[in-house]
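Undergrad: below is the sequence, then the predicted model.
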Amino acid sequence: MDSFDELATDVTACRACPRLVAWREEVAEVKRASYRDWTYWGRPVPGFGDPEARIVVVGLAPAAHGANRTGRMFTGDRSGDFLYASLHRMGLANQSNSSHREDGLELNNVYITAPVRCAPPQNKPTPAERDACRPFLVRELALLSRARVFVALGAIGYAAVAAELRVRPRPKFAHGLEAAAPGGRVVVCSYHVSQQNTFTGRLTPDMLDDVFARALEMADSA
């Protein structure tokens, strides 16, 4: 029988993609000046959250100086600040800040993952790298047996989770899109919480709150 602990061990030990291994380790060695006193994680990042979650958040990949530094999804960068603040407002997290793995953050009824586990250069994993990471997502979704609502942050997260849930036909990605999957499951789409979207107002706190409010509504009724 698989387990979250076994999956996390396999994820963090992975060296399947030479380009990603070289980049994540270079970033961890060179560091950003403001984090020069940190010991970077510099490895693939496992999922994080409530193993009994009915809501699963699917992002893209760890940020070079965020999760690649801290070792936890969406932790230590502005994107994570935006995401966890919304989860806290919605009652899905016990606090709004997410700075490091030992900061006391706990998630309730939500689990966070990504189709790519290593920080990619320019935040752009190749199709081959996405394919190499796919078995981890497959195992994770199998372990998340109670999950009913999947919040996809961005088009790549949407494509990955929609493929695994066998969404047919697959509507084009759009913020607020709801795509039904077999077994009473549903994918809800949001623009990614990247600074490119949040700093420009393309994604506002109210917009993300509305997505999670809808996810909660559907999770409670499933």
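TA: That came through fine. These figures come from a predicted structure and were not determined experimentally.

Undergrad: can you give me the helices in this structure?
TA: In the chain, the helices defined using DSSP state H lie at 4-13, 18-30, 67-70, 78-89, 127-143, 155-164, 195-198, 205-221.

Undergrad: so how far is the third one from its chain's centroid?
TA: Taking the mean C-alpha point of helix 67-70 and that of its whole chain, the gap between them comes to 13 Å (Cα atoms, centre = their mean, to the nearest Å).

Undergrad: in TSV: the helices of the chain, plus mean neighbour count and mean pLDDT.
TA: Where you see a C-beta, it was placed from the backbone N, CA and C, and this is true even at glycine. Formatted as TSV, the helices of the chain follow (neighbours: other Cβ atoms under 10 Å; pLDDT from 0 to 100):
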stretch	mean neighbour count	mean pLDDT
helix 4-13	14	98
helix 18-30	16	98
helix 67-70	27	98
helix 78-89	21	98
helix 127-143	17	98
helix 155-164	21	98
helix 195-198	17	97
helix 205-221	17	97
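
Undergrad: reformat those as JSON lines; add distance to residue 57.
TA: JSON lines is the format used below for those (distance: least, Cβ to Cβ, whole Å):
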{"stretch": "helix 4-13", "distance to residue 57": "16"}
{"stretch": "helix 18-30", "distance to residue 57": "22"}
{"stretch": "helix 67-70", "distance to residue 57": "13"}
{"stretch": "helix 78-89", "distance to residue 57": "8"}
{"stretch": "helix 127-143", "distance to residue 57": "12"}
{"stretch": "helix 155-164", "distance to residue 57": "8"}
{"stretch": "helix 195-198", "distance to residue 57": "15"}
{"stretch": "helix 205-221", "distance to residue 57": "9"}
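
Undergrad: closest to residue 106 out of those?
TA: Comparing the helices of the chain against residue 106 with Cβ to Cβ, the closest turns out to be helix 78-89 (10.6 Å).

Undergrad: what is that closest one packed up against?
TA: On a contact count with 3 or more Cβ pairs under 8 Å, 6 or more residues apart in numbering; DSSP states H and E, helix 78-89 meets helix 195-198, helix 205-221.

Undergrad: report all helices and strands that the shortest one contacts.
TA: Pointing back at helix 195-198 there. Helix 195-198 packs on helix 78-89, going by 3+ Cβ pairs under 8 Å, 6+ apart.
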